[in-house]
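1. just a sequence and a predicted model for now, questions to come.
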Amino acid sequence: MFPEQKQGYTYEEYKVTADWLRAKTEHRPLIAIICGSGLGGLAEILKDQKVFSYSDIPNFPQSTVQGHAGQLVFGTLNGKSCVCMQGRFHLYEGFPIWQVTFPIRVFQLLGVQTAIVTNAAGGLNEDYNVGDMMLIKDHLNLPGFAGNSPLVGPNDERFGPRFPCMSDAYDRDLRKLAQTVARELGFSDFLKEGVYSVVGGPSFETIAECHMLKRLGADAVGMSTVHEVIVARHCGMRVFGLSLITNKAVMDYDSKSKANHEEVLQTGRERASQLKRMISSFVERLERNNNVC
Ligand SMILES: O=P(O)(O)O[C@@H]1C[C@H](O)[C@@H](CO)O1
């Protein structure tokens with residue numbers, strides 16, 4: 001017979017990790033920042049850092065993708081306590097979806113109220129350019145349509161309800177705040193707002209798939225974020241989602257362009273300083289408004 005397969009974490013397992021972290025750091029984060037591919041440099045904006053390698057944290061999965069360092073960085077940003085994931089987990093790495101989203105519930109137990117979720121994404125909207133920042137206003141959850149949701153399985157009411165609402169997944173006030181911040185920083189020319197579609201990866205999309213996603217209403221495509229957002233909303237966090245358009249999706253059969261991870265990382269490096277200023281000012285304003293914009 002096959003050994004019984006693990007179906008998810010227990011409440012106690014999330015708690016073991018949260019308690020372990022709480023015992024090892026005095027930081028009590030209210031904000032979590034999840035760094036997308038090549039965007040780990042965002043953690044550098046945190047002061048008074050306490051850094052943990054994922055391999056040292058009980059129950060934590062390990063990062064396997066280039067551009068995801070695999071470190072949890074606690075620190076303060078403009079006086080506000082934050083925790084930053086330098087590296088996230090993706091379905092294509094072979095993790096079950098409940099492992100992909102494991103850190104989110106740990107953060108909730110640590111007291112996090114707001115999740116800032118970033119990613120690298122391919123632009124489907126023809127008005128988008130490489131290097132644009134896209135405020136995520138909504139998502140299309142393709143793995144979810146096929147039943148691969150992080151909330152599948154018995155629901156633990158201590159985290160949230162059986163049937164959480166997702167029509168307000170990406171907080172409108174936080175998006176407004178981001179628009180204000182971008183305007184003040186002179187970033188409006190490369191700021192967009194749109195719909196992010198998650199696919200399973202790791203292969204980049206075919207031309208026909210890109211056309212399909214665009215017709216479904218997606219402005220950008222990626223391989224992450226949505227699972228984390230669903231779990232964050234389920235447990236009552238406010239979510240701000242930000243995509244960096246690292247490449248243009250190939251939509252034309254005559255095109256010689258080929259999506260590739262190196263271009264994704266390179267665009268991240270080129271936009272690193274603007275992204276840091278954007279997130280830093282955004283968090284500063286959150287503080288000023290006591291998280292109520
Ligand atoms: O972690 P994110 O979603 O930013 O990473 C994207 C999707 C793939 O992991 C990778 C492809 O280049 O970048």
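-> Done, it's in.

2. spell out which parts of the stretch 151-293 of the chain neighbour the ligand.
-> Neighbours of the ligand within the stretch 151-293 of the chain, by Cβ under 6 Å from any ligand atom: G201, G222, M223, S224, H261, V264. The C-beta positions use only the backbone N, C-alpha and C, and glycine is treated the same way.

3. ok, now how distant is G123 from the ligand?
-> Applying Cβ to the nearest ligand atom, to the nearest Å, the value for G123 to the ligand is 13 Å.

4. so that residue is in contact with K248, correct?
-> Yes: counting by Cβ atoms under 8 Å, G123 touches K248, with 5.0 Å between them.

5. what residues are shared contacts of those two?
-> Taking Cβ atoms under 8 Å, 6 or more residues apart in numbering as the contact rule, G123 and K248 both touch N129, V130.

6. so for those two, which residue has more residues nearby?
-> Applying other Cβ atoms under 10 Å to G123 and K248 shows that G123 carries more neighbours, namely 25 against 20.

7. any idea how far that one is from E205?
-> Here G123 is placed at a distance of 12 Å from E205 (Cβ to Cβ, to the nearest Å).

8. repeat for G75
-> G75 is 36 Å from E205, where distance means Cβ to Cβ.

9. again, but for D56
-> D56 is 36 Å from E205, by Cβ to Cβ.

10. then G186?
-> Going from G186 to E205 by Cβ to Cβ gives 33 Å.

11. for these two, indicate the residue with more neighbours.
-> The residue with more neighbours, out of G186 and E205, is E205; 20 against 10, by other Cβ under 10 Å.

12. any idea which residue sits dead centre in this structure?
-> V117 (3.2 Å; Cα atoms, centre = their mean).

13. go ahead and report the secondary structure state at that one.
-> Under DSSP: H, G, I helix; E, B strand; the rest coil, the three-state class of V117 is strand.

14. pretty sure it is touching E228, no?
-> Yes: checked against Cβ under 8 Å, the pair V117 and E228 is within contact range at 5.7 Å.

15. what touches both of G123 and E205?
-> By Cβ under 8 Å, 6+ apart, G123 and E205 have these common neighbours: A249.

16. now do the helices in the protein.
-> In the chain, the segments counted as helices under DSSP state H are 11-24, 97-100, 102-110, 142-145, 172-185, 207-216, 226-234, 261-288.

17. tell me what the longest one is packed against?
-> It stands for helix 261-288. Where contact means 3 or more Cβ pairs under 8 Å, 6 or more residues apart in numbering; DSSP states H and E, helix 261-288 is packed against strand 31-34, strand 71-77, strand 80-86, strand 114-123, strand 133-141, helix 172-185, strand 238-248.

18. please identify the buried residues of it?
-> Neighbour-count burial for helix 261-288 flags 261, 263-265, 267-268, 271-272, 274-283, 285-286 (criterion: 16 or more other Cβ atoms under 10 Å).

19. re the thing from before, turn the helices and strands packed on helix 261-288 into CSV, including mean pLDDT.
-> Listed next are the helices and strands packed on helix 261-288 as CSV, based on pLDDT from 0 to 100:
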stretch, mean pLDDT
strand 31-34, 98
strand 71-77, 97
strand 80-86, 97
strand 114-123, 98
strand 133-141, 98
helix 172-185, 98
strand 238-248, 98
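
20. among the ones you listed, which comes closest to M166?
-> strand 133-141 (8.2 Å; Cβ to Cβ).

21. please name every helix or strand in contact with the closest one.
-> Applying 3+ Cβ pairs under 8 Å, 6+ apart, we find strand 133-141 packed against strand 114-123, helix 172-185, strand 191-198, helix 226-234, strand 238-248, helix 261-288.

22. let's see it at 10 Å
-> Counting contacts by 3 or more Cβ pairs under 10 Å, 6 or more residues apart in numbering; DSSP states H and E, strand 133-141 is packed against strand 114-123, helix 172-185, strand 191-198, strand 220-222, helix 226-234, strand 238-248, helix 261-288.
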